[in-house]
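K.L.:
What follows is a predicted protein model with its sequence.
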Amino acid sequence: MDHVTSTQNAPLAFLKGHGTENDFVIVPDPDNAVSLDAADVARLCDRRAGIGGDGLLHVVRSAAHPEAKDQAGDAEWFMDYRNADGSVAEMCGNGIRVFARYLEHAGHVAAGEVAVATRSGVKRIHLDKDGSVTVAMGRAVLPEESATVTVDGRSWPARNVNMGNPHAVAFVDSLDHAGELREEPPYEPASVYPDGVNIEFVVDRGPRHVAMRVHERGAAETRSCGTGACAVAVAAARRDGVDPAETGTPVTYTVDVLGGSLTITEHPDGRVDMTGPAVIVAEGVVDPSWLGARA
């Protein structure tokens, strides 16, 4: 892929937003005219030398992006999501709430129902007038293969949950047991997650109320992870002997993250809904000569 400055000399427009303090650089690009390589994304997401973010939301019309053209009939907009290190990711739960908030902010959509294309399919979103955003996150997949996660000599079995991206959910006695989470905690066997994994450490706070810390692929520890909160809620329900497919009744968990709280509901048909805030905090332009510079 060409570097951004080889295809564009004008300043690059951006916004900054967050969902429960999981923060993102937003790059509006309806016609997919801006080529952002992994190094560009990493520079933009750098917290000391760039704008700073846990990831980047590249906002593109589905019809203009080769990975989303087949979804254009169902969703006008595609969330081309990148991790902070520039790697491509399938889905981001907090990111898609911020993505939808941006579409409203820019006048592309109104409050109410919105469809957004992602690499893990079309997601249905409801923008509530009170400022919260509910995302239909799809169905959780619970593979039989599992892994063991180890931190500072302690090990825990981790429930394997896929929410369009992979998660390993470990229930611990204290969130301090997760350690510093600057590096990915080791897990084995590695073959369970050939493309890497998001690792959640979870403690109980009360009935159907848990708290978590997370190490995200390509971003280290983040203040929140939406797909991770969904994975945690589903794993907690199964641990607690609750399966809505069997009871016929939805189950809701509150999941506290470092940046706030998310409400996760799993329905009898397997659908998982996530509700939480999404905020746009700033917008501006990036000097292309800075972005093009290489250290």
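P.N.:
Good, I have the coordinates. Residues are numbered from 1 along each chain as shown.
K.L.:
how far out from the middle of the chain is the helix or strand harbouring residue 232?
P.N.:
Secondary structure from DSSP states H and E places residue 232 in helix 226-239. Its chain's average C-alpha position is 14 Å from that of helix 226-239, according to CA atoms, centre = their mean, to the nearest Å.
K.L.:
contacting residues for the residue nearest the centre of the chain?
P.N.:
The chain has residue 92 as the residue nearest its centroid, 2.1 Å off, counting by CA atoms, centre = their mean. When contacts are counted by CB atoms under 8 Å, 6 or more residues apart in numbering, residue 92 touches 22, 55, 79, 81, 226, 227. Every C-beta, even on glycine, is put in place using the N, C-alpha and C of the backbone.
K.L.:
Among these, give me the pair with the biggest separation.
P.N.:
Of all pairs drawn from the contacts of residue 92, the greatest distance, 14.1 Å, lies between 22 and 79 (CB to CB).
K.L.:
Show me which of these two is the more surrounded one.
P.N.:
Taking neighbours as other CB atoms under 10 Å, residue 22 and residue 79 compare with residue 22 leading, 31 against 28.
K.L.:
That one is in contact with residue 227, isn't it?
P.N.:
No - if you go by CB atoms under 8 Å, residue 22 and residue 227 don't touch, sitting 10.6 Å apart.
K.L.:
which phi and psi does residue 247 have?
P.N.:
Taking degrees, to the nearest 10, you get phi -80, psi -20 for the backbone angles of residue 247.
K.L.:
Just the pLDDT at it, thanks.
P.N.:
Looking at residue 247, its pLDDT is 97.
K.L.:
how far away is it from residue 73?
P.N.:
Distance check for residue 247 against residue 73: by CB to CB, to the nearest Å, it reads 36 Å.
K.L.:
again, but for residue 83
P.N.:
Here the criterion is CB to CB. By it, residue 83 lies 28 Å from residue 73.
K.L.:
So for the two, which sits in the more crowded spot?
P.N.:
residue 83 (22 against 11).
K.L.:
The more buried one pairs with what?
P.N.:
Beta-bridge partners recorded for residue 83 (DSSP bridges): residue 55.
K.L.:
surely it meets residue 89?
P.N.:
Yes - the pair residue 83 / residue 89 is scored as a contact, 5.3 Å apart, by CB under 8 Å.
K.L.:
Now do the shared contacts for those two.
P.N.:
Jointly contacting residue 83 and residue 89 under the rule CB under 8 Å, 6+ apart are 55, 217, 218.
K.L.:
check contacts around the nearest residue to residue 138 once chain neighbours are set aside.
P.N.:
Among residues not flanking residue 138 along the chain, residue 164 sits closest, at 6.0 Å (CB to CB, 6 or more residues apart in numbering). Shown in contact with residue 164 (CB under 8 Å, 6+ apart): 90, 91, 118, 119, 120, 121, 137, 138, 227.
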